[in-house]
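Trainee: curious how this folds, go ahead:
(4 chains)
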Amino acid sequence: MSMTTILQHCLTGISLGGAYALIAIGYTLVYGILRLINFAHGDIFMMAGYFMIFSLASFPWPAAILITLVVTTVMGIAIERIAYKPLREAPRMSIMISAIGVSYLLQNLSTYLFTAIPRGYPEIPFLKRIFRVGDLSASFVTVLTPLLTIVLVVILMTLIGRTKTGMAMRAVSKDFETAKLMGININAIVSVTFAIGSFLAAVGSILYFTDRMSVTPFSGTLPGLKCFVAAVFGGIGNIPGAVVGGFFIGIVETLLVALGYSTFSDAFTFLLLIVMLLVKPTGLFGEKSVEKV
Amino acid sequence: MKKKISKPTIYSLGALALFVAFLYWLDANRLTQGMVISVLQKGAILALVATSMNLLNGFTGLFSLGQAGFMSIGAYTTAILIIPVKNLDGVYYMNGVHPAIKALRVVMAQAPPFMQTIFPFVALLLGATIAALVALVVGLAVLRLKSDYLAIATLGLSEIVRSIFSSPQFDQITNGSYGLNKIPNFPPMFFGLIPSLITPFIITGVCVAFIVLLINSSYGRAFKAIREDEIAAEAMGISLYKHKEMSFVISSFFSAIAGGMLAMYMRSIEAKTFSITLTYDILLIVVIGGIGSVTGSVVSAFLVTAAKEWWLRFFDQPLSLFGFEVPLFRTGFRMVIFSILLMIVVLIYRKGLFGTNEFSWTWLTSKKARRKP
Amino acid sequence: MREALLLTEHLTMQFGGVVAVDDLNIKIPTGEITALIGPNGAGKTTAFNVITGGYQPTCGRVIFDGQIIAENHPRSKMKKIYSGTYTEPSTQTVVHTPDQITRLGMARTFQNIRLFKDLSVFENVLIAKHCHIKASLFGSTFRLNRAEERAMRAESEALLDRVGLLSSANEKSSSLPYGKQRRLEIARALATGPRLLLLDEPAAGMNPKETDELSAFIVEIKEAFGLTIFLIEHHMNLVMDISDSIYVLDYGKTIAYGTPAEIQNNERVIQAYLGVDES
Amino acid sequence: MSILEIRDLSVHYGGIVALDGISFSVKEGAIVTLIGANGAGKSTTLRTIMGLVHAAGGSVHYRGEKITGLDTRKIVEMGLVLVPEGRRVFPNLTVLENLKLGSYLQHTRHEARNLEHVYDLFPRLLERHWQLAGTLSGGEQQMLAVGRALMANPTMVMMDEPSLGLAPLVVKDIFSIIRRINGEGVTVLLIEQNANVALHTADYGYVLQTGSITLKGTGTELLENEEVKVAYLGKTR
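Mentor: Have a look, this model is predicted:
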């Protein structure tokens, strides 16, 4: 393999990793606060793909992007309110099953509404513009994805680090009850968490699908699970960890595909998960938690 | 002392006899009753996986999502061992069949006829044994994980198995992404005394009976103790590691038997068949039936299959009432309705059909009285 | 003093830099009732958890009936932050899981009742009998151990009768009133056939009348089953009533040891409980 | 005039009666203590008042208004705060952030003023304001927990075992701070196992035994009462 090809693959990998990172943040935030693997997160990402297809059919792209972001965010909040909130006091298995149920519902609903046939993802012209540097060529979206990811992560970190809401989020993730004693509205904080997660999933969706050109009702399942792995890998609850995990999985996956092991790229992700859980369950940057008997 | 047969036993035997008679009737009318047969057979297969998943999730409290993976091990093993030798080259027309498999199958084909009739069952058992061994090894590692981490690790495991089966590196064994077809249907049992149509019910019956016996044994009680409270169970002298491993291995064994039967039922399999969605489908059956109820899982498997494949079909057809075209009715609507029903069960009627109760005749008659206010 | 059934030597349990149990040396004489008392957060339950195998000690050893059931010495990272007073190098590491320790003959109850809530009273006790089962998984599934199973059931029934819970044998354990739940938890521990019974705050949440009943009950089962009892308790009436000797723990350290009368008049104990008179 | 009035409050956990119809009141501007052995129901009382635990019966009135069943947030807004048992500072947040969360419902303008006040009471916290709360010593964490409560500009503070697990000298510090806060007009309800120090500090006290109030009186009265000792150490045989 020539140097150029390797670089080319790395570029693709970084781009894919950026999209993964954005989705992984959603998992990590929700898990951090509710201790829930939001199995429906990948499907929210998939739905965002369809929202874009339909909004771009009738609106110019800036409006379409805005609509997609808003609708996806609202959907994320609604899912939490309807399917997770009633189960907050229930055993952990119930809420996980509910999340799986939502995932199932979204897949079936989108099959019904949009059929299982892959829908072409519309091209947003400026994203598809091709850049050439020497022998390397890349579309604008490939370059934009990692950059945008970094920018969004920095904004998010600032939000969580500096604002009152961010502080409240960190407090809630550690101790529900004491957070209540501060007068923090837990439900509002949980909603904010889902809003941020869904918003980032929508951004990730636009970047991801622009590169992949079509959406099916099952497009979200595998990327969703992989991004959860990314979140676990980086240390669940830890945002930079999720980003690192996302990039890592994106790059390794791309390289494996390039080497002709495309079917093993999924297996690799899950192997990584299992090994990580066994060797360092807290992930790369996760903090230890002492369990009480 | 003369044993007195109790009323419930008579009812049960009666119901069983009626069901068997019905199956024989179906066998006689198999040309006209295709839909019923198909639904019942699939129901029986899913009843077995659901029960084995319930053993793990409902009775031992281990939230595992690896069923599809173990089913695929059973399905592939069975398929490879029972596709007729004459069809092998046709099935593997793209990549050719692995010489070892070919050789084994040729030897098997020369066995005496009565051996031939038990090969399908041997294949099912072999698949299940392999799955159990995989579970044994994997269990050493993943069973240390707690609740959601265990769920995601087993789900990952299932995906690993799937990607191995579909990878080009194993083309000559699994036929990669083309999958396997021309798989023979269920074999008859007892030299044709029991027609092939009834075979899956017998297998499921035997396996479910085993699971029920296990659950009601001392070991089953230990499983339940772990479900209720791990720390207390351990303090009562129950080895968590040993019992979790037992439950995981047994559950995987029976999932693989069901997988093998699924291969016989569908006649063709591919790695995609055993995706996460299949595990979700089974989980939903367990949830609807009641987590921790074997009868719940069995009844729910038949109900869900019948509803999905048969009764709710009309949702997928355009419907006109009194000349008006009813909106919404078209392909896929059935599954939406089904998902919504499911969410209602999950959110409102959380115990499912049976909760943690088992069906019994006395329970049936007193159900009204016991219903919660 | 009679021979000790349980001994701890220089037992220390550290969580990071926090020393929860500090150089604990106790002797539980066979056939006696020994109490461990001390203010909230003194490290009593931690000591219990170390003894029953829930935690691996940082240092020191636990000896049950002459056998070392847990031993450890501070290593690697722990060595650096180890703040215990015990310096004599202990070289071996012995670990037993809680279930192994139970099978050796030591059973416990929990501070916040941990019954198998969804199971019946009878099943709760029957499950505890499982730890000594001889039949294999298949033997038990195919009912090849009829005699054993029958014996397990008969013994469980007898035990429930003994503790006065037979009439509620088929009730869900969580539906029992509080006092009976406590009693059931003790019965369940007894079903494992222990020689040493550890009770973690058995009277927590009980009113004086229930507490008195419990005192009598503990003495009764001690005699009936030939037990040695080690208990943590805050209800001083109970402790003073039934204990042969008492250890007092404060900030992880043993501050007093003696008979109930000695403890009640010990200045340090009174201070630990009522606080320092600051005026 | 009593600022807090508990009438016949009972709480059940499953089948367990944690509080069996207790009644007591707290005078405005006073330090009142509720003492009793472990498991007597002291923490449950405070948690029920704050709306963290559902009351099975009875009512809580704060400044004449019934607050039973209200959202914790509303109760904090009304100026009643709790310093929870075991400090419960947010270990992943800095000292300053912990304090800021204390005035979550306050206007930013008040926040600065409250902060100044808290730093004045606990200069230690100012020194360590950038440090993660999890790295503080037990005593400092307790100061932070108290400071955080004061950030809400409360009319009344309830404290759940502020002396728990602290060295005697630190306990002394904490109690002198409690008196100082009280001197500034804040009503204090104190829960303690450490009866001596609590009764010396308090104007009035109640003794709670397994879910019921068995004794009451002024601090000095209770200190001299032999029965208090019995409640802790049991009857002599």
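
Trainee: going forward, measure contacts between C-alpha atoms and count neighbours the same way
Mentor: Noted.

Trainee: grab the nearest non-local neighbour of residue B:237.
Mentor: residue C:99 (3.7 Å; Cα to Cα, 6 or more residues apart in numbering or on different chains).

Trainee: swap in residue A:225?
Mentor: Using Cα to Cα, 6+ apart and skipping the chain neighbours, the partner closest in space to residue A:225 is residue A:42 (7.1 Å).

Trainee: can you name the residue of the stretch 1-150 of chain A nearest to chain D?
Mentor: In the stretch 1-150 of chain A, the residue that lies nearest chain D is residue A:32 (12.6 Å; Cα to the nearest Cα).

Trainee: for that residue, list the residues it contacts.
Mentor: Residues near residue A:32 by Cα atoms under 8 Å, 6 or more residues apart in numbering or on different chains: A:173, A:236, A:237, A:238.

Trainee: circling back to that earlier point, roughly how far does the residue nearest to residue B:237 sit from chain D?
Mentor: 28 Å (Cα to the nearest Cα, to the nearest Å).

Trainee: again with residue C:111
Mentor: With distances taken as Cα to the nearest Cα, residue C:111 is found 10 Å from chain D.

Trainee: okay, now that residue: neighbour count?
Mentor: As a burial measure, the neighbour count of residue C:111 was computed by other Cα atoms under 10 Å in any protein chain shown and equals 16.

Trainee: quick one: the residue nearest to residue A:225 is in a helix?
Mentor: Yes: read with DSSP: H, G, I helix; E, B strand; the rest coil, residue A:42 is one of the residues of a helix.

Trainee: any idea how far it is from residue A:232?
Mentor: The span separating residue A:42 from residue A:232 equals 15 Å under the rule Cα to Cα, to the nearest Å.

Trainee: cool, residue C:133 as well?
Mentor: Using Cα to Cα, we find residue C:133 at a distance of 40 Å from residue A:232.

Trainee: what does residue A:248 give?
Mentor: From residue A:248 across to residue A:232, the span is 12 Å (Cα to Cα).

Trainee: okay, these two: which has more neighbours?
Mentor: residue A:232 (31 against 21).

Trainee: and the host helix or strand of that one, how far from the chain's centre?
Mentor: Secondary structure here is read from DSSP states H and E; on that basis residue A:232 sits in helix A:221-234. In terms of Cα atoms, centre = their mean, to the nearest Å, the centre of helix A:221-234 is set 8 Å apart from its chain centre.

Trainee: buried set for that helix?
Mentor: When burial is assessed from 16 or more other Cα atoms under 10 Å in any protein chain shown, helix A:221-234 yields the following buried residues: A:221, A:223-234.

Trainee: any idea whether the most centrally placed residue in chain D is helix, strand or coil?
Mentor: The centre of chain D sits closest to residue D:159, judged by Cα atoms, centre = their mean, with a distance of 1.4 Å. Assigned state for residue D:159: strand (three-state reduction, three-state DSSP).

Trainee: quick one: low-confidence parts of the stretch 1-150 of chain C?
Mentor: C:1-2, C:76-78, C:80, C:83-90 (pLDDT under 70).

Trainee: interface residues of it facing chain A?
Mentor: Taking Cα under 8 Å from any Cα of the partner chain as the criterion, the neighbours of chain A within the stretch 1-150 of chain C are residue C:54.

Trainee: residue of the stretch 1-150 of chain C with the smallest distance to chain D?
Mentor: Among the residues of the stretch 1-150 of chain C, residue C:41 lies closest to chain D, at 6.4 Å counting by Cα to the nearest Cα.
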